[in-house]
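> Sequence first, predicted coordinates after that:
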Amino acid sequence: MSRFPHLFAPGRLGRRTLRNRILMAPMEKNLATADGAVTQRYVDYCAARAAGGAALILLESMYVDPAGKNHVYQLGLHDDALVPGYRRLVEACHAEGALVGAELQFAGRETSSRVTGRQPLAPSPVPCTVLTGGETPRELTLDEIRALVARFSEGARRAVAAGFDVLEIHGAHGYLIGQFVSPEANRREDEYGGDTRRRARLFVELVQGIKKELGGEFPIICRMNGSDHIPGGLELDEAVEIAALLETAGADSVSISGGIHASRPYMIVPGMSVPRGCYVPYGEALKARLGIPVMTVGRINTPELAEEILAKGQADFICLSRALLADPFFPAKAAAGLVERIAPCIACNECLATIHRHKGIACTVNPMVSRELEFKHLLAREAPPRRVAVVGGGVAGMSAAVTAASRGHEVHLFERDGALGGQLLLAYLPPHREELENALRYFEREVKRLGVTVHLNRLFTPEDARELKPDAIILATGAESRKPDVPGVGLPHVIMGWRVIAGLEETGRNCVIIGGGLVGMEVADYLAHRGKRVIMIARSAPLKKAVHADRVYFLDRIRDLGIEVLTHTTVREIGPDTVEVEPPNGWRRVLKDVDSVILCTGYGPRTEHHEALTALGVPVQLVGDVLGSRKFFEAIEEGALAAITL
């Protein structure tokens with residue numbers, strides 16, 4: 001009997017039958033063309049999740065009119081010319097046994113004239129300060145609202161022509177429909193503003209209009225927030241009332257979510273500081289009121305949690321976005337009882353960061369994301385079994401070892417310390433970073449499962465190479481902490497940041513942290529959480545290169561914990577109980593009564609024996625931090641690619 005009987009029971013959505021209760025939630029991917037057309041990369045991405053066992057593939061928010069486009073490489077449903085491309089995507093997913101859904105959307109104030117070429121349109125002239133820098137939208141006229149209802153119906157008609165099985169109306173996350181239902185964004189005094197029913201009127205009319213366009217039996221999902229998580233925004237009591245109105249209008253299901261671009265820490269894509277299943281209580285509230293299926297989402301990253309939600313009757317369907325990003329075969333592995341082989345989503349939001357950088361979506365633990373076909377071709381290449389020495393057991397080395405072993409190579413993994421993991425061993429120790437340990441444990445399990453021979457407490461030398469006789473060497477020796485060239489850096493109260501996190505050094509009450517990057521922020525959070533008084537010195541803006549979710553989290557923590565940050569400031573000298581700094585104005589300042597100085601000033605590559613190993617005549621590849629500072633996702637990707645090209 002399956003460990004997850006509720007998760008793998010067939011489900012009904014209107015007249016459609018779904019093979020299980022797992023849906024791929026809509027998520028922007030930056031894989032469309034600038035004209036809103038689907039690409040082969042997008043088709044491959046969706047087909048991979050369909051092959052992995054998801055019952056319904058919901059694409060992403062698809063603008064029904066160019067005026068409502070919210071980013072450059074977003075899918076559109078505004079033009080008949082787009083239909084053939086979608087038909088190709090739908091057929092690819094159908095071939096894998098999954099249904100496919102289109103999500104209709106209009107951005108409202110959550111776009112910019114830089115994207116659309118025109119002033120944003122919204123229910124009221126209330127700007128979105130976070131996403132667009134405060135560009136004030138123009139209030140929609142009544143005629144424009146009626147025309148917008150027609151645009152949604154036309155988009156629905158195109159979706160049906162392309163073969164989509166289900167439609168979803170995007171009323172969540174602060175986009176146009178979410179703005180209409182929100183008291184904070186909707187200040188209208190006509191029939192589309194005011195009380196709950198009038199603010200929900202557009203949402204209701206969209207359901208009715210699409211039902212009229214397509215016939216009453218075509219399934220429609222309404223996606224909405226249980227809470228906007230901002231002052232004056234939509235809250236759960238009103239959300240339940242609106243959901244009931246949508247059911248009466250003909251909606252076949254409600255998909256519940258939360259947050260808008262301005263909310264924190266409960267963001268649209270909540271980070272690892274937010275509890276798992278964060279939006280499940282909203283679904284439970286809807287279940288108590290509605291007679292139609294309820295879908296839930298929000299940091300659901302294990303089949304055990306998904307099964308528990310369904311078993312308790314808190315939802316009827318589970319929507320997974322990042323979990324299927326990390327492992328497209330999450331459903332198939334769970335169904336087969338191979339839970340320990342599921343690559344875990346760690347809620348690091350590197351996926352979101354790549355979108356903000358206008359690149360195709362990526363994932364820390366899955367280097368194949370948005371490059372499925374490319375990796376499929378690389379992995380299909382025949383390669384004779386080789387003996388491979390991977391030097392360094394951090395994330396780059398483990399990724400290389402796992403990938404090489406999965407291709408049939410004999411792999412030896414050498415690690416100079418007593419455990420695998422490298423920087424990851426420290427990364428999960430600060431507050432609210434515990435999810436990172438799941439990535440470490442996953443790689444450890446894969447190393448063991450695939451039969452990699454692990455050599456701990458072993459510095460790989462040219463003598464080892466001559467004895468092992470490898471056919472290839474992958475150097476993933478990582479990096480080590482650097483000390484800045486500052487007078488006083490050798491004093492006994494000056495400590496490396498990693499030693500504090502590892503519990504190897506105790507600090508005094510008053511701490512000065514030098515370095516405003518991610519490690520500096522983690523150490524500051526760690527110490528302030530323990531009641532220390534912390535001053536951070538950063539040469540630029542703190543977390544300048546950090547993932548958006550990390551930046552939001554840590555800047556909030558700085559405020560909440562009372563951490564003082566000196567930006568654009570240079571350390572000139574460290575004394576026995578002082579630190580002399582030079583702020584941007586050039587006037588030097590002396591910080592007094594300093595008990596401990598913690599260095600978080602970056603890393604330099606470890607290069608022991610590199611030259612000698614390269615001289616042996618064996619092919620050598622370098623990956624990870626040994627090439628320069630890398631994020632986890634970059635190191636993992638480099639390790640995998642090195643192993644694939646052996």
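Structure received.

> tell me the contacts of residue 89?
Counting by Cβ atoms under 8 Å, 6 or more residues apart in numbering, residue 89 touches 38, 42, 43, 46, 47, 59, 100. Backbone N, C-alpha and C define where each C-beta goes, glycine included.

> Quick check on the fifth one: phi, psi?
Residue 47 adopts backbone torsions of phi -60, psi -40, taken as degrees, to the nearest 10.

> From what I see, it and residue 92 are in contact.
Yes: at 4.2 Å, residue 47 and residue 92 qualify as touching, with contact defined as Cβ atoms under 8 Å.

> if we look at the lowest-mean-pLDDT helix or strand in the chain, which residues are touching it?
The weakest-scoring helix or strand in the chain, judged by mean pLDDT, DSSP states H and E, is helix 548-561 (a mean of 82). Under the criterion Cβ under 8 Å, 6+ apart, residues 264-265, 267, 269, 271-273, 347-349, 352-353, 356, 432, 518, 521, 524-525, 528-529, 534, 536, 542-543, 546, 563, 565 lie in contact with helix 548-561.

> List the ones among these that fall in helices.
When the contacts of helix 548-561 are checked against helices (DSSP state H), the matches are 352, 353, 356, 518, 521, 524, 525, 528, 529.

> For ChimeraX, what selects the buried ones among the residues you listed?
To isolate the buried ones among those in ChimeraX, judged by 16 or more other Cβ atoms under 10 Å, type:
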select :352,353,518,521,524,525,528
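
> Which one of the ones in helices among the contacts of helix 548-561 is nearest to residue 136?
Residue 136 has its nearest neighbour among the ones in helices among the contacts of helix 548-561 in residue 356, at 22.8 Å by Cβ to Cβ.

> Would you map the strands across the stretch 101-250 of the chain?
121-122, 138-139, 166-171, 220-225 (DSSP state E, counting those that start in this stretch).

> What residues does residue 511 make contact with?
Contacts of residue 511 by Cβ under 8 Å, 6+ apart are 527, 532, 533, 534, 535, 594, 595, 596, 597, 598.

> Please state the offset of stretch 107-125 from the chain centre?
25 Å (Cα atoms, centre = their mean, to the nearest Å).

> In that stretch, which of the residues would be classed as buried?
So, applying 16+ other Cβ under 10 Å, buried residues of stretch 107-125: 107-112, 115-116, 120-124.

> from those residues, which two are the most distant?
Farthest pair in the buried residues of stretch 107-125 (Cβ to Cβ) is 115 and 124. Separation: 20.4 Å.

> where are the low-confidence patches of the stretch 401-550 of the chain?
544-549 (pLDDT under 70).

> measure the closest residue to residue 624 other than its chain neighbours to residue 388 for me?
Once flanking residues are discounted, residue 624 sits nearest to residue 396: 2.9 Å by Cβ to Cβ, 6 or more residues apart in numbering. Distance of residue 396 to residue 388, given as Cβ to Cβ, to the nearest Å: 14 Å.

> Looking only at neighbour counts, state which of those two leads.
residue 396 (33 against 26; other Cβ atoms under 10 Å).

> Shouldn't the more buried one be within a strand?
No: applying DSSP: H, G, I helix; E, B strand; the rest coil, one finds residue 396 to be helix, outside a strand.

> Now for it: which residues touch it?
422, 476, 478, 623, 624, 625, 630, 635, 636, 638, 639.

> Can you tell me which of those residues lies closest to residue 456?
Of the contacts of residue 396, the one sitting nearest to residue 456 (Cβ to Cβ) turns out to be residue 422, at 12.6 Å.

> Touching, the closest one and residue 395? I think so.
Yes: the criterion here is Cβ under 8 Å, and residue 422 meets it with residue 395 at 6.2 Å.

> Compare these two (neighbour count), which wins?
Ranked by neighbour count (other Cβ under 10 Å), residue 422 and residue 395 place residue 395 first, with 33 against 26.

> Retrieve the pLDDT associated with that one.
Note on residue 395: pLDDT of 97.

> which residues touch it?
421, 422, 423, 424, 439, 443, 624, 632, 635, 636, 639.

> would you list those in TSV and tack on secondary structure and distance to residue 177?
Below are the contacts of residue 395 laid out as TSV (DSSP: H, G, I helix; E, B strand; the rest coil; distance: Cβ to Cβ, whole Å):
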residue	secondary structure	distance to residue 177
421	coil	45
422	coil	46
423	coil	43
424	helix	41
439	helix	36
443	helix	42
624	helix	44
632	helix	36
635	helix	41
636	helix	38
639	helix	43
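
> Among those residues, which one has the most neighbours?
residue 624 (32 neighbours).

> show me what contacts that one?
392, 394, 395, 396, 397, 476, 478, 630, 634, 635, 638, 639.

> for the protein, which spans come out with low pLDDT?
For the chain, the ranges with pLDDT under 70 are 1, 131-133, 544-549.

> if you set the cut-off to 80 instead, what comes out?
Where the chain drops to pLDDT under 80, the residues are 1, 129-134, 265-266, 381-382, 541-552.

> Does residue 605 touch residue 479 like I think?
Yes: here residue 605 lies in contact with residue 479, judged by Cβ under 8 Å, at a distance of 5.2 Å.

> Need the overlap of contacts for those two.
With Cβ under 8 Å, 6+ apart as the test, residue 605 and residue 479 both reach 625, 626.

> And these two? Which one has more around it.
Between residue 605 and residue 479, residue 479 has the larger neighbour count (other Cβ under 10 Å), namely 21 against 17.

> List phi and psi for that one.
phi -140, psi 160.

> ok, now which ones touch it?
603, 604, 605, 606, 625, 626, 629.

> again with residue 414
Counted by Cβ under 8 Å, 6+ apart, residue 414 has contacts 389, 390, 391, 392, 393, 455, 458, 459, 460, 464.

> Could you say which of these is surrounded by the most neighbours?
residue 390 (36 neighbours).

> So what's the gap between the helix or strand harbouring it and the chain middle?
In this assignment (DSSP states H and E), residue 390 forms part of strand 387-391. Centroid separation for strand 387-391 versus its chain: 32 Å, with Cα atoms, centre = their mean.

> helices or strands next to that strand in the packing?
Counting contacts by 3 or more Cβ pairs under 8 Å, 6 or more residues apart in numbering; DSSP states H and E, strand 387-391 packs against helix 395-406, strand 410-414, helix 462-468, strand 472-475.

> which other helices and strands contact the third one?
Judged by 3+ Cβ pairs under 8 Å, 6+ apart, the packing partners of helix 462-468 are strand 387-391, helix 610-614.

> try it again with 10 Å
strand 387-391, strand 410-414, strand 453-455, helix 610-614 (3 or more Cβ pairs under 10 Å, 6 or more residues apart in numbering; DSSP states H and E).

> With distance to residue 244 added, can I get those in JSON lines?
As requested, the helices and strands packed on helix 462-468 are exported to JSON lines (distance: least, Cβ to Cβ, whole Å):
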{"stretch": "strand 387-391", "distance to residue 244": "58"}
{"stretch": "strand 410-414", "distance to residue 244": "57"}
{"stretch": "strand 453-455", "distance to residue 244": "57"}
{"stretch": "helix 610-614", "distance to residue 244": "66"}
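
> Just tell me which of these ends up closest to residue 328.
strand 410-414 (24.4 Å).

> hmm, back to that, now, of the helices and strands packed on strand 387-391, which is deepest in the fold?
Using mean count of other Cβ atoms under 10 Å, the stretch among the helices and strands packed on strand 387-391 with the largest mean neighbour count is helix 395-406, at a mean of 28.

> Can I get it in PDB? Just the C-alpha atoms.
Extracted C-alpha coordinates of helix 395-406, given in PDB (Å, rounded to 0.1, in the frame of the first residue of the first chain):
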ATOM      1  CA  VAL A 395      28.900  21.100  -2.900                       C
ATOM      2  CA  ALA A 396      30.800  21.300  -6.100                       C
ATOM      3  CA  GLY A 397      32.700  18.100  -5.400                       C
ATOM      4  CA  MET A 398      29.700  16.200  -4.300                       C
ATOM      5  CA  SER A 399      27.700  17.300  -7.300                       C
ATOM      6  CA  ALA A 400      30.600  16.200  -9.600                       C
ATOM      7  CA  ALA A 401      30.900  12.900  -7.800                       C
ATOM      8  CA  VAL A 402      27.200  12.100  -7.900                       C
ATOM      9  CA  THR A 403      26.900  13.000 -11.500                       C
ATOM     10  CA  ALA A 404      30.000  11.100 -12.600                       C
ATOM     11  CA  ALA A 405      28.900   8.000 -10.600                       C
ATOM     12  CA  SER A 406      25.400   8.100 -12.100                       C
END
